[in-house]
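**Q** Provide a 3D model corresponding to the input given below.
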Amino acid sequence: MWRNGRLWVVLVTLFLSTAGFGLTLPALPFFVERLALGPGASDAQVAFHVGFLTAVYALSQMLFGPMLGAASDRWGRKPFLLGGLLGFAVAQAVFGLVTSLATLYAARALAGLFAAALLTVGSAAIADMAEDQDYLRAMASRGMAVGLGVVVGPALSGFLSRGSMHGHQMIGHLMLDGFSIPFFTAAALALASVPLVTFGFEERTVPPTPVDELEAVAGPLPSLLDLLVLSAAAQLALAAFEATFALYAKGVLSFGTVEIGWGYAVCGGVMAGFQGLLVGRLGGRLDRATQIAIGFAGLGLGLFSLAFTRSWPGVVGSITVLATGMALLAPNLAAAVTARRPGAPGGSLGLQNTALGVGQVIGPIAGSVLFTLGPTLPFLAASAVCVVISGTLWTRRVSGHAKLERLR
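**A** Now for the predicted structure:
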């Protein structure tokens with residue numbers, strides 16, 4: 001699998017596009033405050049718009065992911081990957097220039113639409129290349145590329161957003177400011193991926209899988225609806241963290257863009273490293289239900305501890321724990337969804353993308369509202385959701401084993 005040149009093209013494309021998204025996270029609160037709302041904006045106003053701008057991005061992914069994934073099953077992956085890269089670049093460049101809130105929301109929505117093409121279709125392309133139904137390794141490789149992008153993007157954003165690099169230039173109704181630089185860099189990374197896909201990616205035709213084989217593969221797995229609900233819940237918790245961590249670190253911990261960027265980078269780095277090195281190996285030692293239950297427990301524990309730490313080492317430790325939990329969840333849930341319909345990974349992952357989008361929409365909105373009520377509430381609420389789910393999954397697993405023993 002790792003010797004496949006097409007796989008590396010898709011992984012690099014996912015890495016660059018995800019790094020482009022990660023570039024925007026640390027700068028977003030400062031960008032909204034200084035360029036859109038003005039220096040007199042309250043913390044509540046900034047939190048509100050940061051949450052909703054993040055949610056609009058996710059809403060576009062949620063709405064268009066299933067459509068684009070199913071269309072790529074029919075017409076091929078390459079056109080959608082190229083269109084996603086070009087559109088994402090344009091949307092990020094526009095976002096970095098405008099000063100109107102309405103235009104910011106429109107640009108963010110467009111960026112989410114094209115990101116749906118990249119993530120859903122790119123993930124389906126990786127599933128096409130999976131050997132011997134090894135969807136866990138395929139999705140772990142995808143998670144590694146995305147995680148590395150989340151490492152590089154925020155860390156680079158912290159560097160590019162430094163005050164010493166700031167300028168201020170009006171171009172008609174557009175504004176070029178130091179906080180615009182991360183968005184232009186995100187656009188450049190997307191454009192850098194276009195030649196890779198154009199010349200390095202070849203379509204692979206996946207023959208339809210017989211119905212009896214589909215049933216054999218899907219039989220041992222939870223229902224598709226269960227998997228989609230679990231995917232939405234995990235993404236909700238992570239999105240609440242992603243949307244409010246910059247606000248929390250800026251307002252409560254007095255961190256600047258560099259520290260905030262490194263916080264996101266730690267999260268992405270742990271997720272990338274854990275998925276790339278360990279998740280595939282754990283597949284033969286722990287069953288999928290156990291890994292998912294442990295993943296929710298780790299995500300909840302990390303979020304809980306983050307609400308009570310005030311030191312940089314404590315923040316790093318908390319983020320490491322929550323990222324490890326998410327690293328277990330993401331590939332296992334994606335592999336389970338894909339395995340239910342091996343002949344049509346684009347459509348399956350598109351449905352999961354909708355579930356993830358639900359979490360990405362609700363998480364930032366709920367997180368920003370809770371943040372205005374208390375800065376630690378987003379982390380505590382998300383932690384509670386994760387712990388309840390983990391306990392429920394573990395109870396059902398124990399109960400299922402007990403029933404089997406009685407039958408013996």
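
**Q** List the contacts of Pro331.
**A** If you count contacts by CB atoms under 8 Å, 6 or more residues apart in numbering, Pro331 has them with Leu136, Met139, Ala140, Arg142, Gly143, Gln275, Val279. The way it works is simple: take the backbone N, C-alpha and C, and place the C-beta from them, glycine included.

**Q** Just these: which are in helices?
**A** Of those, the ones assigned to helices by DSSP state H are Leu136, Met139, Ala140, Arg142, Gly143.

**Q** and Pro375, helix, strand or coil?
**A** In three-state terms, and counting by DSSP: H, G, I helix; E, B strand; the rest coil, Pro375 is coil.

**Q** and the gap between it and Ala246?
**A** 12 Å (CB to CB, to the nearest Å).

**Q** more neighbours, the two?
**A** Ala246 (24 against 19; other CB atoms under 10 Å).

**Q** The more buried one and Val121, how far apart?
**A** In terms of CB to CB, Ala246 sits 29 Å off from Val121.

**Q** Same check on Val388?
**A** Taken as CB to CB, the span from Val388 to Val121 is 34 Å.

**Q** can you tell me which residues contact Phe95?
**A** Thr24, Leu104, Ala107, Arg108, Ala111, Phe183.

**Q** Save those residues as a markdown table, and put in secondary structure too.
**A** Formatted as a markdown table, these follow (three-state DSSP):
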| residue | secondary structure |
| --- | --- |
| Thr24 | helix |
| Leu104 | helix |
| Ala107 | helix |
| Arg108 | helix |
| Ala111 | helix |
| Phe183 | helix |
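
**Q** Redo those as TSV? Include distance to Thr54.
**A** What follows is the contacts of Phe95, written out as TSV (distance: CB to CB, whole Å):
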residue	distance to Thr54
Thr24	9
Leu104	12
Ala107	13
Arg108	8
Ala111	11
Phe183	14
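
**Q** is it possible to export those to a markdown table including neighbour count, distance to Tyr57 and pLDDT?
**A** Below are the contacts of Phe95 laid out as a markdown table (neighbours: other CB atoms under 10 Å; distance: CB to CB, whole Å; pLDDT from 0 to 100):
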| residue | neighbour count | distance to Tyr57 | pLDDT |
| --- | --- | --- | --- |
| Thr24 | 25 | 9 | 72 |
| Leu104 | 21 | 11 | 80 |
| Ala107 | 24 | 10 | 84 |
| Arg108 | 24 | 5 | 84 |
| Ala111 | 29 | 6 | 85 |
| Phe183 | 26 | 13 | 78 |
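
**Q** now the host helix or strand of Leu86, how far from the chain's geometric center?
**A** Secondary structure assignment for Leu86, by DSSP states H and E: helix 78-95. Centre-to-centre, helix 78-95 and its host chain are 17 Å apart (CA atoms, centre = their mean, to the nearest Å).

**Q** Show me what counts as buried in it.
**A** Neighbour counts over helix 78-95 (16 or more other CB atoms under 10 Å) mark 78, 80-82, 84-85, 87-95 as buried.

**Q** Can you dump the C-alpha atoms of that helix in PDB for me?
**A** The C-alpha coordinates for helix 78-95 follow below in PDB (Å, rounded to 0.1, in the frame of the first residue of the first chain):
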ATOM      1  CA  LYS A  78      -9.500  13.700 -10.200                       C
ATOM      2  CA  PRO A  79     -11.900  16.400 -11.500                       C
ATOM      3  CA  PHE A  80     -13.300  16.900  -8.000                       C
ATOM      4  CA  LEU A  81      -9.800  17.100  -6.400                       C
ATOM      5  CA  LEU A  82      -8.600  19.700  -8.900                       C
ATOM      6  CA  GLY A  83     -11.800  21.700  -8.600                       C
ATOM      7  CA  GLY A  84     -11.600  21.600  -4.800                       C
ATOM      8  CA  LEU A  85      -8.000  22.800  -4.800                       C
ATOM      9  CA  LEU A  86      -8.700  25.700  -7.100                       C
ATOM     10  CA  GLY A  87     -11.900  26.800  -5.400                       C
ATOM     11  CA  PHE A  88     -10.300  26.500  -1.900                       C
ATOM     12  CA  ALA A  89      -7.400  28.800  -3.000                       C
ATOM     13  CA  VAL A  90      -9.800  31.500  -4.300                       C
ATOM     14  CA  ALA A  91     -12.000  31.400  -1.200                       C
ATOM     15  CA  GLN A  92      -9.100  31.700   1.200                       C
ATOM     16  CA  ALA A  93      -7.500  34.600  -0.800                       C
ATOM     17  CA  VAL A  94     -10.800  36.500  -0.800                       C
ATOM     18  CA  PHE A  95     -11.300  35.900   2.900                       C
END
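
**Q** In this structure Arg108 contacts Gly51, no?
**A** No: Arg108 is beyond contact range of Gly51, at 11.9 Å (criterion: CB atoms under 8 Å).

**Q** so how many other residues sit close to Ser254?
**A** Neighbour tally, Ser254, other CB under 10 Å: 9.

**Q** Now it: phi and psi?
**A** Torsion angles at Ser254 (phi, psi; degrees, to the nearest 10) stand at phi 60, psi 40.

**Q** Same question for Ser311.
**A** The phi/psi pair for Ser311 (degrees, to the nearest 10) is phi -110, psi 160.

**Q** just wondering, since we're on it, how far is it from Leu253?
**A** 9 Å.

**Q** which one of those two has more residues nearby?
**A** Taking other CB under 10 Å, Ser311 and Leu253 do not tie; Leu253 has more neighbours (18 against 9).
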